[in-house]
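Enquirer: Let's see this in three dimensions:
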Amino acid sequence: MQGAKRKQGLSGALDKFLLRFAAISLALLFASQALLLNPSIRRMVSLVDRLEGEPLAVARRIDPEPKPPLPRLAGTFTIQLENSTGRTAVLLLNGEEVATFEKGIVTVEVRSGDLVEVDGGLFAREMRFRVTQASKGMVAPFSGQLLTTKGTIEILARVKIQ
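Expert: Numbering: from 1, shown residues only. I've put the predicted structure just below:
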């Protein structure tokens, strides 16, 4: 009888220990995950961040619709790829692909309020684009404007025509 009680007491103590151990482990897991949300702590603790290098730049954001709404005037502009071939580079108008830079130069018709972006392609190499011509009265994008991408989507301008 005493042996059975002793086994039950030992088993109960072991159950309590395992339950406490599981609760403490779970709390430590949540605390460590919360600490990894801080970039400076994550860089010190995680070897992966040091091996992967710097994250890709995130394109700056522009409000989806300007306030007050702009009049819908139309115009054209020409943009040229300056420093390499652009088989994978794409011109986006309001988030839609409208042209590629295969020939190195693109002329596009736009309306006031349109959002013009350049997708630098699949590879993280630097590409420079310059607006070479803009319609009369076009304030943005303007002739001579320079845009640089490194495999990212960059905003050229929110079209403004006066």
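
Enquirer: For the chain, just list every one of the helices.
Expert: 2-35, 39-45, 47-52 (DSSP state H).

Enquirer: now the ones you listed in a markdown table, with distance to Thr148?
Expert: Every C-beta, even on glycine, is put in place using the N, C-alpha and C of the backbone. Output for these, formatted as a markdown table (distance: least, CB to CB, whole Å):
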| stretch | distance to Thr148 |
| --- | --- |
| helix 2-35 | 35 |
| helix 39-45 | 25 |
| helix 47-52 | 23 |
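
Enquirer: For Gly151, which of those helices is the nearest?
Expert: helix 47-52 (15.2 Å; CB to CB).

Enquirer: on that earlier part again, would you mind checking which of the helices of the chain scores lowest on average pLDDT?
Expert: For those, mean pLDDT drops lowest on helix 47-52, to a mean of 72.

Enquirer: show me where the protein has strands.
Expert: Along the chain, the stretches classed as strands by DSSP state E are 74-81, 86-93, 96-101, 105-111, 115-119, 126-134, 138-140, 146-150, 153-158, 160-161.

Enquirer: in its sheet, what does the first one sit against?
Expert: This points to strand 74-81. strand 105-111 (antiparallel), strand 126-134 (antiparallel) (DSSP bridges).

Enquirer: and of the ones you listed, who's closest to Met44?
Expert: Per CB to CB, nearest to Met44 of the strands paired with strand 74-81: strand 126-134, 30.3 Å.

Enquirer: quick one on the thing from earlier: hey, which of the strands of the chain is tucked in deepest?
Expert: strand 115-119 (a mean of 21; mean count of other CB atoms under 10 Å).

Enquirer: quick one: which of the strands of the chain is nearest Leu36?
Expert: strand 146-150 (26.6 Å).
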